[in-house]
Structure formats: structure tokens, C-alpha cells
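K.L.:
What would the 3D arrangement of this be:
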Amino acid sequence: MKYASVLLVALFVLAFSAPAKADGDLLSIGLGYYDINDNEDAADFRLEYRWDTPLLWVIEPWVGAEVSSDGAIYGVGGILADIQFQNGFLITPSFGAGLYSDGDGKDLGHVVEFRSQLELGYEFDNFSRIGIAGGHISNAGLDDRNPGTEFLNLYYHVPIDHWF
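P.N.:
All right, here's what the predicted structure looks like:
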């Protein structure tokens, strides 16, 4: 039942909002807190590439790498939707799948892990952005062991054409 209500809210937001005004691909750098709900917390470092190429309406691809201070490594890619809802503010739900190695960190139960994330951000006139994101990583039951983890990250996004 809770998934149905989340889906309903997501569809409502998509239906009554406009695509964000981003102009080009984004390079995204993130720093955050990994495993906020458990006892294996660590710093989280991210580097992502977000294409400004819609696959379907506002759905766009992204790819990234995530490393924690305790040695966990996660290579991940997926889809996102940048949705502007008021004067530069935007919300970006995303979903991805990738390969995970726990290093000296939290064992998530499987090498294949899925990430769902919700980001609230602000886009400046030069198309750079800041945002705060929270989300969840788990193996979605691919293994009997599926502890999952939650995270909170601060992002800075820079349009690629500003560098080249």
C-alpha cells in the first residue's frame, strides 16, 4: 500500500510540473553520510554524469561512482527526472542499479544493488546547481541477506559546457 501512495505522489508531481531548465549535461559531485540508520556509518563521496538527453519526456540517463570512507565502492547507472516546481527549485527522483563491493564497510548482501534517491535542489542562472539528496541502497531481495542502507548527500552540479 505504501508503494502505491508513493507512486501516486510521483505521478502527480510529474503531471503538474515542468521540466527543469538545465542547459546541457551535468557533472555532479556529492559528499554525504552513508548508513545513517545503522551502526556502520561512513563518509560518502560521489561523482556522477547526468545527460541532458531525454529518453522519454523528462526521463534522462545518469551514471556514477560512489566510494565510502570505509572502502565500499559502488558503480551505478540509471534514470532520473529533473522537475522544476518554482523559480529555480527542482526535485529530482532517480533510480539506478549497479555493482557493489563492501571493502571494509557494510555488507549489503549481494554484488548487485539498487539505488533510489530523491533530491531537492536549486538551479542558478548559470545552470549550476546545489542539492540535498536522501535515498536507499539495497539488493531488493536478490539474496537472503538484504540489510540495505540509507544515505544523505549534498550535491554540486556543474554544466559540462562551462569546462570545455
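K.L.:
Start and end of stretch 124-133, how far apart?
P.N.:
End-to-end distance for stretch 124-133, by C-alpha to C-alpha, to the nearest Å: 18 Å.
K.L.:
Provide the contact partners of it at residue level.
P.N.:
Residues outside stretch 124-133 that contact it (C-beta atoms under 8 Å, 6 or more residues apart in numbering): 21-24, 26, 30, 32, 88, 90, 92, 117-123, 152-159, 162. The C-beta positions use only the backbone N, C-alpha and C, and glycine is treated the same way.
K.L.:
and stretch 67-81, what's its mean pLDDT?
P.N.:
Taken as a whole, stretch 67-81 has an average pLDDT of 97.
K.L.:
same deal with stretch 110-118?
P.N.:
98.
K.L.:
Could I get the full set of strands for the protein?
P.N.:
Assigned strands in the chain, in chain order: 18-19, 26-34, 42-50, 59-68, 73-81, 83-86, 89-101, 112-123, 129-138, 149-159 (criterion: DSSP state E).
K.L.:
Now for Phe39, how many residues are close by?
P.N.:
Check again: residue 39 is Asn, not Phe. 6 (other C-beta atoms under 10 Å).
K.L.:
What separation do you get for Val63 and Leu80?
P.N.:
Val63 sits 11 Å away from Leu80, going by C-beta to C-beta, to the nearest Å.
K.L.:
who has more neighbours, the two?
P.N.:
Leu80 (20 against 15).
K.L.:
List the contacts of the residue nearest the centre of the chain.
P.N.:
The residue lying closest to the centre of the chain (C-alpha atoms, centre = their mean) is Gln117, at 4.5 Å. By C-beta under 8 Å, 6+ apart, the contact list for Gln117 reads Thr92, Pro93, Ser94, Phe95, Ala133, Gly134, Gly135, His136.
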